[in-house]
Structure formats: structure tokens, C-alpha cells
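> From the sequence below, what's the structure:
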Amino acid sequence: MVTMEYSGNEGQEVERFQRQPSMESEFICGCCSDLLVQPTTLTCGHSFCRLCLAQWYIQSSKRTCPFCQQAYLGCPKVNITIKNLIEKSFHHKLREREGEVCNTENENLIRRFEASVNVAQQNTQSRAQGNVFQNVQNIRFQGFCSGIFVMGGIILLLYLVMFWRNSGSDLLIHKPPLRWNTDDVVQWLSDLGSWTADYREEARRNQLDGRLLIAVDNTSLESILNVTNTLHKRAISNAIWQLKEFNIKLPASLWEYKAMNPGRSLFLIYGMKDFPRTTILYLYFFEYDEIFLPFLHSTYPENTELPSIHMYDDPSSRQEIEFLTYFALLPYWVVAKFCWSWIDVHWWICMLMLFNCATLTFLEAMLFKKLLPMNKDHCKESIRSYGKGLLSAVFFLVIWPVVPSFICDFFFYSVLFFTPFHNIDKIRKEMR
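Residues are numbered from 1 along each chain as shown. Purely as a prediction, here's the structure:
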């Protein structure tokens with residue numbers, strides 16, 4: 001019985017001594033490969049002697065783990081849990097290790113390490129606080145500037161709307177030809193084109209007013225305005241016939257057309273911006289004589305010498321082929337050609353629209369580049385977006401006759417003046 005008890009105690013002792021080296025391996029420093037003294041655990045989970053960690057920092061000047069190179073923040077503390085376990089399990093060996101490493105030189109090294117890490121942490125925090133403060137200041141400054149620009153843009157837009165609304169009240173389209181004075185007749189001739197410069201001087205010299213203009217026929221046209229060119233005589237006679245037929249001056253500029261058709265102008269400028277092909281098809285089916293034919297003859301004229309005479313003639317085969325080709329491939333090029341034909345009348349507006357056409361062509365090319373791999377999701381999203389926009393345009397087309405003219409003016413000038421800047425921002429995002 002005693003023998004068995006002794007044998008049992010001996011087995012426990014053997015097991016304890018066999019297990020002790022395995023437990024000690026759990027508390028070995030990764031740098032010195034010895035029992036941990038002042039075990040310090042980093043954020044990555046690895047533990048080292050505080051002296052070893054200090055030596056690594058002083059030699060490398062890096063706040064990283066000597067084993068896995070992961071960075072740590074702040075000054076790491078002694079792991080009290082591991083320290084207590086080592087003291088209970090390996091008390092005698094720990095005292096031996098402390099006698100080997102605990103001296104004045106090593107203690108000074110540890111203090112240098114702690115002081116350096118604390119200073120580095122304070123600098124990091126100061127920079128972080130400075131960056132946060134700077135970011136807050138930048139956000140506030142950007143928000144302030146954005147607010148100023150937005151308010152300035154709204155004020156400018158409202159001013160432009162009111163300016164053109166008031167300036168449109170004295171347009172010739174609002175005044176019957178019989179009430180025109182000589183200046184009005186000269187303005188009417190000027191709207192016909194730059195080729196009427198000599199005839200304007202004759203109109204001033206002969207004091208030609210609206211009543212005399214309506215009474216002018218082909219015979220008296222040469223004597224009153226000194227018109228000798230056959231094409232010029234035909235163009236002026238055709239314009240006088242329109243005055244007699246409609247008793248108003250037909251629009252000869254963007255502002256006159258917009259003053260007569262505010263809702264249609266807004267629909268056209270939105271449609272040509274977002275749906276050029278669909279809009280042109282709509283004009284072909286529903287506005288053929290009034291808008292489509294003049295648009296086609298302005299972009300691809302059959303007679304380049306005086307195209308205004310043939311504005312309502314049926315297009316030739318060459319005109320149809322050229323127009324349909326560019327309409328299908330480069331619709332904004334067709335719009336740009338139309339703007340170019342009005343460059344003498346609206347220089348700044350046409351230049352803005354030409355720039356707008358260039359940016360829209362680039363964005364359309366970027367869209368086709370995205371769709372080129374025939375990605376199913378991209379195609380669905382593009383079709384869905386196109387359909388929503390088209391439905392919005394159709395909805396506006398139905399309700400625009402009841403929309404107040406002030407609202408039409410506001411959105412019209414918004415698209416006209418701010419779309420190029422919006423396109424630039426979209427291009428900048430696409431190029432990232």
C-alpha cells in the first residue's frame with residue numbers, strides 16, 4: 001500500500017517536471033530566447049522583455065514589433081497578468097534573470113525608450129489634432145465658399161431671368177409691323193443677316209417705317225432700298241411676305257424664339273442636352289415644317305450663299321444622307337453646326353453651346369466605352385436611367401403649357417449657363 005502510494009507521488013512529480021519546460025516555453029522572449037523579464041505585450045499580441053523591446057527601438061528607431069513588424073501606438077505597458085504567472089511558476093529562475101539584466105545601464109536604456117516613445121506619441125497626437133483641426137477648417141472654408149458660390153449663382157441667375165424678361169418686352173415680335181419706326185425696320189433688316197448692311201443705310205436715308213415696308217413690292221424694292229442682287233431681292237421679298245401673312249415678325253434670334261415659345265424652348269434645350277437623337281426624331285414626326293426643316297437647312301444647307309431663302313424647301317438627297325449620318329453617330333456635332341450658323345447673332349451664347357457640345361460628346365464617348373464590354377448590369381442601368389429621363393421629358397412636354405413662364409425662364413437659363421460646368425465636373429469624376 002505504501003509502495004503504491006510512493007509510486008503514485010513519484011509519477012506526479014515526474015509529470016510535473018515534464019510539464020514545466022513546456023509551460024516555460026510559453027513565456028520565452030522572442031528576442032533573447034530566455035524567460036521574459038518585465039513582459040511587454042504589443043498590439044499584435046507578441047510579448048518581449050522590456051529591455052529587448054527598448055534595445056530594438058533604440059537601434060531601429062521604429063515603433064514596430066521585432067517579430068512581425070506590425071506598428072504599435074503609444075508606450076506599451078508591462079503585462080501584469082503574464083508577469084504574475086511567471087513569478088508564481090518560475091520564481092527562482094526569474095530572480096536569476098532579473099539579476100542578469102537589471103542594472104543601471106539597462107534601466108537607463110528602458111527610461112530612454114519610454115521617454116522617446118512618449119514624445120513620439122505626443123507628436124503624433126499633435127499632428128493628428130492639427131490635421132483634424134485643419135480638416136475642420138478646410139471643410140468650413142469649403143462649405144463657406146460653396147455657400148457663397150451657390151448664393152451668387154442663384155442671384156446671378158435671378159438677375160439674368162429678370163433682365164431678359166424685361167428686355168424681351170420690347171422685342172419686335174411683340175410689336176405689329178404697322179407700328180414699327182425706322183429703327184425697328186433697320187433692326188429687322190439686321191436680323192436677316194450681315195448681307196443687309198448696305199440696305200440698312202438706305203432704309204435710314206429714306207426714313208423707311210413699318211407702314212411703308214408693308215407696302216413695298218418687288219418693283220419698289222429696288223428704288224427704296226437699292227436692291228440689285230436677285231438673291232437678296234428674293235430674300236427680302238420673302239421676309240416682307242411673312243410680315244404681311246402673319247402680321248408679326250418671325251423669330252430671328254434665340255431670345256425672340258424663346259419669348260414666343262418659352263415652354264418649347266425649355267423642352268428643346270433639355271432634350272438636345274440629354275436625348276439628342278430622340279428629340280430630333282420627335283421634331284421630325286411632330287414639328288417637321290416649323291422646326292425640323294429650318295434646323296436641317298441651317299446645319300446642312302443646299303445653297304450656302306443665302307440659305308435663309310430655302311429654309312422651308314424639301315431637303316435634297318445629299319442633305320438627308322449627311323444629316324442622318326451625323327445625327328446617328330455624332331448628334332452633338334449637328335447641334336454644334338446649328339450653333340455655328342448663329343455665331344454672328346449670339347457670339348457668347350454660341351461659344352458656350354459649342355463648348356457644351358464638346359463636353360457632352362466626350363461624356364457620351366465615355367458612356368459607350370463603359371457599355372462596350374456589353375456588361376449586362378451596365379446596360380440595364382443605362383437603359384433604366386435613359387427611360388426615367390425620357391419619361392420626365394414627356395411629362396414636361398404634356399404639362400408645359402400650364403407652367404408659369406418665370407419657372408420656364410429659371411430652368412432655361414440654368415441649363416444654358418450652368419450645364420457646361422456640370423459637364424466639366426462629371427468629366428473630372430470619370431477621369432479619376
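> any weak-confidence spans in the stretch 151-300 of the chain?
Residue ranges of the stretch 151-300 of the chain with pLDDT under 70: 152-154, 156-170.
> Helices along that one, start to end?
Using DSSP state H, counting those that start in this stretch, the helices found in the stretch 151-300 of the chain span residues 182-192, 197-205, 210-215, 218-225, 230-246, 254-260, 262-274, 276-286, 293-299.
> residue ranges with poor pLDDT in the stretch 1-150 of the chain?
Scanning the stretch 1-150 of the chain for pLDDT under 70 picks out the ranges 1-23, 120-147, 149-150.
> Show me where it has its strands.
39-41, 47-49 (DSSP state E, counting those that start in this stretch).
> which one of those strands lies closest to Cys75?
strand 39-41 (9.6 Å; C-beta to C-beta). Placement of C-beta: from N, CA and C, glycine included.
> name the helices or strands packed onto that closest one?
Where contact means 3 or more C-beta pairs under 8 Å, 6 or more residues apart in numbering; DSSP states H and E, strand 39-41 is packed against strand 47-49, helix 50-60, helix 80-89.
> gap between it and the chain center?
How far strand 39-41 lies from its chain's middle: 52 Å, per C-alpha atoms, centre = their mean, to the nearest Å.
> Could you find the closest non-adjacent residue to Leu360?
Tyr332 (5.0 Å; C-beta to C-beta, 6 or more residues apart in numbering).
> For the one you found, give its distance to Glu322.
Per C-beta to C-beta, to the nearest Å, Tyr332 is found 16 Å from Glu322.
> If you count surrounding residues, which of these two has more?
Tyr332 (22 against 16; other C-beta atoms under 10 Å).
> Give me the secondary structure label for the more buried one.
Recorded secondary structure, Tyr332: helix (DSSP: H, G, I helix; E, B strand; the rest coil).
> Include mean neighbour count and distance to Leu171 when you put the helices and strands packed on strand 39-41 into JSON lines, please.
Converted to JSON lines, these look like this (neighbours: other C-beta atoms under 10 Å; distance: least, C-beta to C-beta, whole Å):
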{"stretch": "strand 47-49", "mean neighbour count": "23", "distance to Leu171": "87"}
{"stretch": "helix 50-60", "mean neighbour count": "19", "distance to Leu171": "80"}
{"stretch": "helix 80-89", "mean neighbour count": "14", "distance to Leu171": "89"}
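> Which one, of these, ends up nearest to Ile269?
So among those, helix 50-60 is nearest, using C-beta to C-beta, at 65.8 Å.
> just checking, what packs against that closest one?
strand 39-41, helix 104-167.
> Show me what the first one is in contact with.
Residues lying outside strand 39-41 but in contact with it, judged by C-beta atoms under 8 Å, 6 or more residues apart in numbering, are 27, 29, 47-50, 53, 76-79, 82-83, 86.
> Pipe these into CSV and attach distance to Leu254 per row.
Output for the contacts of strand 39-41, formatted as CSV (distance: C-beta to C-beta, whole Å):
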residue, distance to Leu254
Phe27, 86
Cys29, 83
Ser47, 78
Phe48, 78
Cys49, 83
Arg50, 81
Leu53, 76
Pro76, 73
Lys77, 75
Val78, 80
Asn79, 79
Ile82, 82
Lys83, 85
Ile86, 88
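> Closest to Thr219 out of those?
Nearest member of those to Thr219, counting by C-beta to C-beta, is Pro76, at 107.2 Å.
> need the contact list for Met353.
Val335, Ala336, Cys339, Leu416.
> again, 7 Å this time
The contact partners of Met353, by C-beta atoms under 7 Å, 6 or more residues apart in numbering, come to Cys339.
> from memory the residue nearest to Leu360 sits against Phe362, does it?
No. Using C-beta atoms under 7 Å, Tyr332 is not in contact with Phe362, being 9.5 Å away.
> State the pLDDT value of Trp400.
At Trp400, the model reports a pLDDT of 66.
> sorry, back to before: of the helices of the stretch 151-300 of the chain, give the one that comes closest to Lys62.
helix 262-274 (56.3 Å).
> what's the angle from that closest one to helix 276-286?
140 degrees (axes from the mean of the first three to the mean of the last three C-alpha atoms, to 10 degrees).
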